[in-house]
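Novice: give me a 3D structure for the following:
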Amino acid sequence: MTTTSPSDVRPDPPHSPSSADRSLAEFGYRQELHRSLGRYASFAAGFSFISVLTTVFQFFAFGYAFGGPVFFWAWPAVLVGQLMVAACFAELAARYPISGAIYQWSSRLSNLTFGWFAGWIMVIGQIVVVAAAALALQMVLPAIWSGFQLVGTDPAPTSADGAANAAVLGVILLVLTTLVNVLDNRVMSVINRVGVTAEIIGAVLIVVLLLTHSERTPTITFHTEGAAQSGLFGALLVGSFTAAYVMIGFDSAGEMSEETRDPRRTAPRTILTALGAAGLLGGLIVLGGLLAAPSLTDGRLGVDGLSYVLTSSLGDGVGKVLLADVVVAIAVATLAIQTAACRMLFSMARDGQLPFSKRLAHVNPRTGMPTAPALVVGALAAALLLLNFASPEAFLAIGTTCIVMLYLAYAMVTGPLLIRRLRGEFTVEGEDETGARLFSLGRWGVPVNALALLYGLLMAVNLAWPRAEVYDPAGGHWYFQWFTALFLLVTLVLGFLYRAVRARRGHAVLQTAPAESA
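Specialist: Next up, the predicted model:
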């Protein structure tokens, strides 16, 4: 781990508050990333990772196909569960405002071996999320103009042509986001803020237009007709995949703490507001789509999803303008997720805990960006996209795998945090940069934390359960049915092997927690 004494800390750069830099030095790190992000940029980091337009448009059709109209009710259930997780993270962001949030938090709450695996699972999961987000272009671009169907003629992502074209479009997007991630964090911040603003405006317009073009009443959400699962509970379990995929990544506001001004005050609030805003807008979009769809029984809603609703209900002109806004949201989401993965790689490499750590931890002093992690994340995500050429089922396998990975990493934070609370070893004391008390759940800490952990574990099992009708509907691809479990197993095995090789070669494997704040 790179440690410094106060005398080793670089002079405060003009764009960085001295109190934040001193806080980082107390954790044993020096300020290398440029601290230039304000409150809205921090909010944008979390909101753009969640990217309600990207994820709702990407998975609405799946949720409806398996749950029917009743799948809407999975949305508020998942939102409540994730808000409890976010509340725990908000406390930790106030106490530990450091890049590599999940890795750093888990290491300090448990031990470095456990924390290392939390970070390892998280960063691999983030790379998979980057790939999954890039695939979302296929749900939108061909609906805007058929010329975007570069491979074959069938744009449906469940078809061979659609799956292959999704991979091609995704790789093109990854090239662009990787370029932005090596330029300058101010450029990245501007793109994020403009993109998030456009996404919020577009989401509000979509909600208003869908609700004003309703064909039915909200009571339709209590109907179970069309659900592929037997019974309400089964429909909700599979239908919850849509909401679970949407409402992840709110921790990115904490991930960017070392680049945020007044992070102890800003990050906790933006973690909660990003999730709350996305949850509200996403739920209204799902409801509006169900109410405004021309038909709930013609089969198109379970295949073409919200793109079909917009162009059919609002007309090609307005519908395609709004779809163009969705394209912006997808691009910004892919950029934000890649940035978060880069910061996780940087944080772990800075502690010497990854292969080629020295290179991965290097920050370009001019741009304030860790270049090598951006290239690694972009290349690995692009490689994952090649699975789409093998089979259309890869689309869903990649999507659900990334959710499970992040849910498990989250549980590896909320679990140790709960243990510390029960032992009376966790308190949130002190002041933020403005002199106000740090964000704290107070007496609600134990019940909220316990429910957050229980929710996260149950949802991870639900998502990873190898349902043949979900993951291998055509049959003959057992590896897609078990893809999530196999991918997680391979991730853990590679992690164990890497640490074993390091130990055998005599390389230092951290045995004590990173430097605590005084």
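Novice: so who does the residue nearest to W478 when sequence neighbours are not counted touch?
Specialist: Of all residues not flanking W478 in the chain, D472 sits nearest, at 6.7 Å (CB to CB, 6 or more residues apart in numbering). (Glycine included, C-beta is placed from N, CA and C.) Neighbour list for D472: E393, W478, F480, Q481 [criterion: CB atoms under 8 Å, 6 or more residues apart in numbering].
Novice: where does pLDDT dip in the stretch 1-150 of the chain?
Specialist: Residue ranges of the stretch 1-150 of the chain with pLDDT under 70: 1-22.
Novice: which residue ranges form the helices in it?
Specialist: Per DSSP state H, counting those that start in this stretch, the stretch 1-150 of the chain carries helices over the ranges 18-26, 39-50, 52-67, 74-95, 101-109, 112-135, 141-144.
Novice: F114: neighbour count?
Specialist: F114 sits with 15 neighbouring residues when counted by other CB atoms under 10 Å.
Novice: hmm, it is touching R108, no?
Specialist: No. With contact defined as CB atoms under 8 Å, F114 does not count as touching R108 (10.7 Å).
Novice: can you list residues touching both of the two?
Specialist: Common neighbours of F114 and R108 are not found (criterion: CB under 8 Å, 6+ apart).
Novice: and the helix or strand hosting M344, what's buried?
Specialist: Assigned by DSSP states H and E, M344 belongs to helix 315-350. By neighbour count, and taking 16 or more other CB atoms under 10 Å as the criterion, the buried residues in helix 315-350 are 319-320, 322-323, 325-350.
Novice: please apply the same query to stretch 448-462.
Specialist: The neighbour-count check on stretch 448-462 (16+ other CB under 10 Å) flags V448, N449, L451, A452, L453, Y455, G456, L457, M459, A460, N462 as buried.
Novice: what about the contacts of D472, which one has the most neighbours?
Specialist: F480 (26 neighbours).
Novice: leaving out sequence neighbours, find the closest residue to it.
Specialist: E393 (4.3 Å).
Novice: and the pLDDT for T212?
Specialist: Model confidence at T212, given as pLDDT, is 93.
Novice: list phi and psi for it.
Specialist: The phi/psi pair for T212 (degrees, to the nearest 10) reads phi -80, psi -10.
Novice: what's the closest non-adjacent residue to the residue nearest the centre of the chain?
Specialist: By CA atoms, centre = their mean, the chain has its centre lying nearest to G249, at 3.1 Å. Excluding the flanking residues, the one nearest G249 by CB to CB, 6+ apart is F49, at 3.1 Å.
Novice: on that earlier part again, need the contacts of D472 in TSV with pLDDT, distance to L37 and secondary structure, can you?
Specialist: Formatted as TSV, the contacts of D472 follow (pLDDT from 0 to 100; distance: CB to CB, whole Å; DSSP: H, G, I helix; E, B strand; the rest coil):
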residue	pLDDT	distance to L37	secondary structure
E393	72	39	coil
W478	81	45	helix
F480	81	39	helix
Q481	85	42	helix
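Novice: quick check: the farthest pair among those residues?
Specialist: Maximum pairwise distance in these, criterion CB to CB, is 10.8 Å, between E393 and W478.
Novice: ok, so of the contacts of D472, who is nearest P466?
Specialist: The closest of the contacts of D472, once distances to P466 are taken by CB to CB, is Q481, at 4.8 Å.
Novice: you'd agree that closest one is up against Y471?
Specialist: Yes. Between Q481 and Y471 there is a contact under CB under 8 Å: 4.5 Å.
Novice: that older thread, distance to L422 added to the helices of the stretch 1-150 of the chain, as JSON lines?
Specialist: Shown next, in JSON lines, are the helices of the stretch 1-150 of the chain (distance: least, CB to CB, whole Å):
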{"stretch": "helix 18-26", "distance to L422": "27"}
{"stretch": "helix 39-50", "distance to L422": "29"}
{"stretch": "helix 52-67", "distance to L422": "34"}
{"stretch": "helix 74-95", "distance to L422": "14"}
{"stretch": "helix 101-109", "distance to L422": "12"}
{"stretch": "helix 112-135", "distance to L422": "17"}
{"stretch": "helix 141-144", "distance to L422": "50"}
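Novice: cool, thanks, talk later.
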